[in-house]
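Visitor: Just a sequence and a predicted model for now, questions to come.
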Amino acid sequence: MAEEINAGCARPTGGPVGEPAPKPTPEKENIIKEVMSMIKVGKKAPDFTAPAYHKGKFINVKLSEYLGKWVVLCFYPGDFTFV
Amino acid sequence: MSIDSIYVHKMWNDNELSKMVKGGIPFAMLSDAGGKVGEVYGIYDEDAGVETRGRFIIDPDGVIQGYEVLTPPVGRNVAESIRQIQAFQVVRASKGTEATPSGWKPGKKTLKPNPDMVGNVWKEWKTEMAFD
């Protein structure tokens, strides 16, 4: 029987059942660590592009195009997630 | 920014957020499929496949001045984010000669650190100022 899921801010997710996925090689872990350490106060924000919805239009946003302005970049778990 | 597509962003804005904010969300709602940008910013939760509540203040030179990361169930304090931006703007305008002590908000005294102030901050700043 399918189990009912409670609605909460942590978005319900699933995943493969059975044997666990192979662990990443140490080499890959090092790369992730390197990427994570890019974020530091007083250091440059990593540049990126991302598609966006803005006032009725679909646009492409590039962070570096906002140089000269103050930017607040907010991440959140997902649309319709209550908080 | 979230992992949702721009089409879901449109639906959320048009069907719900526009009922909370007149005219809809005034800023761009970015889509980060797969959490690639979130991973670089260190806020992507690989296990849940979503991004946590990370908020980054980036100055006009593209430098990160501050960030805050919360787990999903707790919302942010927007007024505090705005206060921090105002404080960073004051510091920037002074070219680093002024600093905003704990509890600072617009209109309150800044500090101008100099050699004579070492050990004498207590004369300029009282603990109550952190809370008023």
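Guide: Happy to help now that I have it. Numbering: from 1, shown residues only, chains lettered A, B, ... in the order given.

Visitor: Distance of the one residue sitting closest to the centre of chain A relative to chain B?
Guide: What sits nearest the mean C-alpha location of chain A, by CA atoms, centre = their mean, is residue A:75, with 6.8 Å. Distance from residue A:75 to chain B, counting by CB to the nearest CB, to the nearest Å: 4 Å. In this view, the C-beta of every residue, glycine as well, is placed from N, C-alpha and C.

Visitor: Quick one: neighbours of residue 66, just the number.
Guide: Picked chain A for this. When neighbours are counted by other CB atoms under 10 Å in any protein chain shown, residue A:66 registers 15.

Visitor: right idea, wrong chain: chain B
Guide: Counted with other CB under 10 Å, residue B:66 comes out at 16.

Visitor: repeat for residue A:57
Guide: Using other CB under 10 Å, residue A:57 is surrounded by 10 other residues.

Visitor: For it, give the beta-bridge partners.
Guide: Beta-bridge partners of residue A:57, counted by DSSP bridges, are residue A:54.

Visitor: And the one 5 residues further on, by the same measure?
Guide: Beta-bridge pairing for residue A:62 (DSSP bridges): residue A:49.

Visitor: In contact with it: list those residues for me.
Guide: A:47-49 (CB atoms under 8 Å, 6 or more residues apart in numbering or on different chains).

Visitor: Relative to residue B:110, how far out is the residue nearest to the centre of chain A?
Guide: As judged by CB to CB, to the nearest Å, residue A:75 and residue B:110 stand 31 Å apart.
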